[in-house]
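Visitor: Kindly return the folded structure for what I paste below:
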Amino acid sequence: MISQEQFEKELEGIIANAIREDVGDGDHSSLACIPPDAKGKAKLLVKDEGIIAGIEFAKMVFEYVDKDMVFETVLEDGSKVKYGDIAFYVSGSSRSILLAERLVLNAMQRMSAIATKTKTFVDLLDGTGTKILDTRKTTPGIRALEKWAVKIGGGENHRFALYDMVMLKDNHIDFAGGITKAIEKTKSYLKETGRDLKIIVEARDLDEIKEILKSDGVYRILIDNFNYEDTREAVRLIGDTCLTESSGGINEETIRHYAECGVDYISSGALTHSVHNMDLSLKAV
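Guide: Sure, this is the predicted structure:
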């Protein structure tokens with residue numbers, strides 16, 4: 001994953017772009033009927049059940065919009081919530097509260113949905129020693145928020161983007177002329193460019209597992225779309241040579257079975273691409 005400093009820059013960019021997109025040359029609804037000196041207070045009301053996420057991000061948004069806003073945290077990110085719970089209060093300029101409202105809600109509703117789904121997967125893995133990973137199957141422009149939500153839900157982040165880890169998937173392998181060539185070319189590239197990046201290699205069958213194992217320097221093998229029996233055999237073949245990761249349409253019904261095959265990680269795009277937003281509202285007090 002990327003550094004904390006870079007992650008924070010990603011968040012700053014998300015806020016700036018979202019405010020630009022939403023506000024344009026002014027929030028004319030508020031400018032038309034709310035006096036410039038009007039003060040107000042609002043609460044974040046939960047109207048659903050699950051894991052709340054995005055409270056700290058909401059604080060960042062309000063601070064970006066208006067440095068004089070007062071933010072009172074009631075719940076922490078990762079808390080289990082139910083209908084009627086209050087996550088935070090915010091007070092200050094009424095215009096500023098209204099300007100920030102939609103970005104805060106859009107972000108928190110989606111982040112909470114992702115955190116809730118992630119927690120479900122984490123609970124299903126309890127006691128197996130296998131960890132759940134997200135993927136790059138994220139909403140363009142807000143990847144940092146979605147990966148943050150996965151962490152809040154108890155999951156772990158895979159690579160952030162194309163630049164912080166090497167992942168040789170089926171198309172890379174085919175375009176490069178095979179697994180061994182792809183690995184050797186990658187190792188040469190990393191040496192020539194002075195980059196210290198971990199290498200993950202995808203395997204489509206047991207023969208490809210065996211070929212990958214002939215090369216050193218592989219950090220993790222991605223056991224993609226294997227059945228349970230072949231996954232167990234792949235784990236046996238790999239042993240302690242490198243880490244293992246299962247992927248490929250794994251869901252709530254199958255995740256425990258794959259974990260019991262002995263893999264170190266299971267990655268799931270569903271954590272970020274198949275969620276139903278949590279119902280939240282920002283209400284004037």
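Visitor: mind listing what residue 246 touches?
Guide: Residue 246 makes contact with 223-224, 226, 231, 258, 261, 263, 265-267, according to Cβ atoms under 8 Å, 6 or more residues apart in numbering. The C-beta positions use only the backbone N, C-alpha and C, and glycine is treated the same way.
Visitor: Looking at those, state which has the most neighbours.
Guide: Within the contacts of residue 246, most neighbours by other Cβ atoms under 10 Å means residue 223, with 29 neighbours.
Visitor: Could you single out the nearest of the contacts of residue 246 to residue 119?
Guide: Using Cβ to Cβ, residue 266 comes nearest to residue 119 of these, at 14.8 Å.
Visitor: out of the contacts of residue 246, which are inside helices?
Guide: The helices, defined by DSSP state H, take in 231, 258 from the contacts of residue 246.
Visitor: The contacts of residue 246 into CSV, with extra columns for distance to residue 150 and pLDDT?
Guide: Formatted as CSV, the contacts of residue 246 follow (distance: Cβ to Cβ, whole Å; pLDDT from 0 to 100):
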residue, distance to residue 150, pLDDT
223, 21, 98
224, 20, 96
226, 23, 97
231, 23, 98
258, 18, 98
261, 22, 98
263, 18, 98
265, 13, 98
266, 13, 98
267, 11, 97
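Visitor: Present the contacts of residue 246 as JSON lines; the columns should include distance to residue 94.
Guide: Listed next are the contacts of residue 246 as JSON lines, based on distance: Cβ to Cβ, whole Å:
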{"residue": "223", "distance to residue 94": "55"}
{"residue": "224", "distance to residue 94": "52"}
{"residue": "226", "distance to residue 94": "57"}
{"residue": "231", "distance to residue 94": "57"}
{"residue": "258", "distance to residue 94": "51"}
{"residue": "261", "distance to residue 94": "56"}
{"residue": "263", "distance to residue 94": "52"}
{"residue": "265", "distance to residue 94": "47"}
{"residue": "266", "distance to residue 94": "47"}
{"residue": "267", "distance to residue 94": "44"}
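Visitor: Would you tell me which one of the contacts of residue 246 comes nearest to residue 140?
Guide: Distance ranking of these against residue 140, using Cβ to Cβ, places residue 267 first at 19.3 Å.
Visitor: give me the beta-bridge partners of the closest one?
Guide: Beta bridges link residue 267 to residue 133 when assigned by DSSP bridges.
Visitor: quick one: contacts for it?
Guide: By Cβ under 8 Å, 6+ apart, the contact set of residue 267 is 132-135, 158, 222, 245-247.
Visitor: Go ahead and confirm residue 117 touches residue 269.
Guide: No. Between residue 117 and residue 269 there is no contact under Cβ atoms under 8 Å: 11.3 Å.
Visitor: Compare the two and say which one has the larger neighbour count.
Guide: Ranked by neighbour count (other Cβ under 10 Å), residue 117 and residue 269 place residue 117 first, with 25 against 16.
Visitor: From residue 270, how far out is the more buried one?
Guide: Distance of residue 117 to residue 270, computed by Cβ to Cβ, to the nearest Å: 7 Å.
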